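>>> next come a sequence and a model predicted from it.
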Amino acid sequence: MDLPLDPDSIKGFLAPEEGARLYELAIAASTLGPCLEVGSYCGKSTLYLGSACQAKGNHLYAVDHHRGSEEHQPGEEYHDPELFDATAQQFDSFRAFRSTLQRAHLEDCVVPIVASSKLAGRGWSIPLGLVFIDGGHSWEAALCDYQTWAPQVAPGGFLAVHDLFPDPTQGGQAPIDIYRLALASGLFVELPTTKTLGVLQRL
Ligand code: SAH
Ligand code: MG
């Protein structure tokens, strides 16, 4: 794995092992179709997925409204004051995200889609080699991501879901719930999990 930038220099929520797994999956997905992530934040996962796509002449759609999830809002546990736009009085990770793309020389293979997952998915018809879901963690947001994007995974392609906590005392259950929904659909088989990153492959 050859990264153009130190992942530690990017704010975010992804363990190095999880990033390496995403990279590996995006390489394997490259013959099947472009990759797509829901939830880019400042671009840590984008660095891994985008670099793999770039190495293979593929591209990555990076979907995020950049207004933050519930836990990123002022006063919440994961709020970062550096990402608060004082003029607009709103959270905004897009500037940091763009800076990451530029620093990592990924502007030629990452397509930022600054919109909600639901809006971005409206009328979507490109079969995807890999979908990485790491957006909102409310049940409504996670279910919407699953319903919008799981059907877009090409046969043989991957559906990766971040923040799986089999033990409910360790974290929210929405991501693992949609992971289980995907498995129960009979359309996917389970591949090994890396830390909290679950991976399914479309039959
Ligand atoms: N993958 C990132 C972390 C993502 S954090 C990393 O590697 O660090 C979750 C992101 O999902 C936030 O940036 C938030 O703005 C975005 N998000 C939450 N709900 C969303 C929705 N419904 N549509 C689009 N983006 C959403
Ligand atoms: Mg996450």
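Structure received. Numbering: from 1, shown residues only. Ligands and ions are numbered 1, 2, ... in the order given.
>>> for the residue in the chain that ligand 2 sits nearest to, grab the count of nearby residues.
For the chain and ligand 2, the shortest gap (Cβ to the ion) falls at His162, measuring 3.8 Å. All C-beta spots, glycine's among them, are computed from the backbone N, C-alpha and C. With neighbours defined by other Cβ atoms under 10 Å, the count for His162 comes to 24.
>>> would you check that it makes contact with Lys195?
No: distance between His162 and Lys195: 9.2 Å, which falls outside the contact criterion (Cβ atoms under 8 Å).
>>> interface residues of the protein facing ligand 1?
12-14, 38-41, 44-45, 63-69, 93, 116-117, 134-136, 141 (Cβ under 6 Å from any ligand atom).
>>> which residues are common contacts for His162 and Lys195?
Glu18 (Cβ atoms under 8 Å, 6 or more residues apart in numbering).
>>> mean confidence for the longest helix along the chain?
The helix spanning the most residues in the chain, taking DSSP state H as the definition, is helix 16-29. Averaging pLDDT along helix 16-29 gives 98.
>>> now do the SS call for Glu190.
Secondary structure, DSSP: H, G, I helix; E, B strand; the rest coil: Glu190 is strand.
>>> partner residues bridging it?
Leu200 (DSSP bridges).
>>> how far away is Val114 from Ser40?
According to Cβ to Cβ, to the nearest Å, Val114 stands 10 Å off from Ser40.
>>> neighbour-wise, which of the two wins?
A direct count of neighbours by other Cβ under 10 Å for Val114 and Ser40 places Ser40 higher, at 32 against 16.
>>> the more buried one against Thr46, yeah?
Yes: under the criterion of Cβ under 8 Å, Ser40 makes contact with Thr46 at 5.0 Å.
>>> ranges for the helices of this protein?
Under DSSP H, the chain gives helices at 16-29, 44-55, 94-103, 117-121, 139-149, 174-184.
>>> need those helices in JSON lines (columns: distance to Pro127).
As requested, the helices of the chain are exported to JSON lines (distance: least, Cβ to Cβ, whole Å):
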{"stretch": "helix 16-29", "distance to Pro127": "11"}
{"stretch": "helix 44-55", "distance to Pro127": "15"}
{"stretch": "helix 94-103", "distance to Pro127": "24"}
{"stretch": "helix 117-121", "distance to Pro127": "14"}
{"stretch": "helix 139-149", "distance to Pro127": "12"}
{"stretch": "helix 174-184", "distance to Pro127": "17"}
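>>> not counting its neighbours along the chain, what's nearest the closest residue to ligand 1 within the chain?
Going by Cβ to the nearest ligand atom, ligand 1 is nearest to Gly12 of the chain, at 2.5 Å. Nearest non-adjacent residue to Gly12, counting by Cβ to Cβ, 6 or more residues apart in numbering: Lys44, 3.1 Å away.
>>> that older thread, next up, the contacts around the residue of the chain closest to ligand 2.
Each residue near His162 by Cβ under 8 Å, 6+ apart is listed here: 13-14, 18, 39, 45, 132-134, 175, 196-198.
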